[in-house]
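Novice: attaching a predicted model along with its sequence, questions to come.
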Amino acid sequence: MTTKLETLELALKNALGESASITVALGEVTVVVKAADYLAAMQTLRDDPALRFEELIDLCGVDYSQYGDGTWDGLRFAAVSHLLSIEHNWRVRVRVFAPDDDMPVIPTVTGIWRAANWYEREAFDLYGIMFEGHGDLRRILTDYGFIGHPFRKDFPISGYVEMRYDPEQKRVIYQPVTIEPRENIPRVIREENYGIK
């Protein structure tokens, strides 16, 4: 007798064929597709009667540049989607890597799931991943004048500029960061001397 997870894995292999890599770990199924096959695979995941992933639960960006303590050897940026089939009561994770690390571009899935709109805007804003064909790709969480993408691993923790209200000019101004970056080194408490005064 096959389990529900094995049934899902078999249905995914039948529907997607060689265009996807399917792994099962910790009770979850992950599908990895190339950017060129992404739209067709997502359309199949939604429309195939054996799968019927009618709901996009989440889509987020990921920066793999320091993944695995810097041992990662693959592409840097990916979009990871979580899909739900209400009809079959199962979920799947879909990962697609942007083929160019300097200009990460992935096709948009807003034509398949309208819910992807704000998720893709968030991934663009925080990671700089461009979604080709998106109708309104603009920042959603940071300021319009914000420079950079704050969730990238190479973005400085303190940022590049700070904002403050200037009472003389009677307006908000941007200026270079005035905080000196420092590393917090925790104070070590030795057990043998703890509590002795």
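Specialist: Done, it's in. Since we're looking at a predicted model, the values are computed, not measured.
Novice: for the residue nearest the centre of the chain, list each beta-bridge partner.
Specialist: In the chain, the centroid-proximal residue (CA atoms, centre = their mean) is Gly61; its distance is 1.7 Å. Beta bridges link Gly61 to Ala79, judged by DSSP bridges.
Novice: could I get the contacting residues of it?
Specialist: 77-80, 122-124, 126-127, 129, 151 (CB atoms under 8 Å, 6 or more residues apart in numbering). For the C-beta atoms, the positions are set from N, CA and C on the backbone; glycine is no exception.
Novice: can you list the residues that contact stretch 138-152?
Specialist: By CB under 8 Å, 6+ apart, stretch 138-152 touches 61, 63, 65, 118, 121-122, 124-128, 155, 159-161, 163, 174.
Novice: ok, now with 7 Å
Specialist: The contact list for stretch 138-152, computed with CB atoms under 7 Å, 6 or more residues apart in numbering, reads 61, 63, 118, 121-122, 125-128, 155, 160.
Novice: now swap in stretch 13-20 and tell me
Specialist: Against stretch 13-20 from outside (CB under 7 Å, 6+ apart): 22, 31-33, 37, 41, 44, 48, 50-51.
Novice: list the buried residues of that stretch.
Specialist: Of all the residues in stretch 13-20, those buried under the rule 16 or more other CB atoms under 10 Å are 15-16, 20.
Novice: mind putting the contacts of Gly61 in a markdown table, neighbour count included?
Specialist: Formatted as a markdown table, the contacts of Gly61 follow (neighbours: other CB atoms under 10 Å):
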| residue | neighbour count |
| --- | --- |
| Phe77 | 25 |
| Ala78 | 22 |
| Ala79 | 27 |
| Val80 | 17 |
| Glu122 | 18 |
| Ala123 | 28 |
| Phe124 | 20 |
| Leu126 | 20 |
| Tyr127 | 24 |
| Ile129 | 24 |
| Phe151 | 17 |
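Novice: relative to Thr7, which of these is nearest.
Specialist: The shortest approach to Thr7 among the contacts of Gly61 belongs to Val80, at 23.2 Å (CB to CB).
Novice: who's the closest residue to that closest one other than its chain neighbours bridged to?
Specialist: Among residues not flanking Val80 along the chain, Arg95 sits closest, at 5.0 Å (CB to CB, 6 or more residues apart in numbering). Per DSSP bridges, the residues bridged to Arg95 are Val32, Val80.
Novice: so who does the closest residue in space to Thr178 that isn't next to it in sequence touch?
Specialist: Once flanking residues are discounted, Thr178 sits nearest to Glu162: 6.7 Å by CB to CB, 6+ apart. Contacts for Glu162 (CB under 7 Å, 6+ apart) come out as 175, 177-178.
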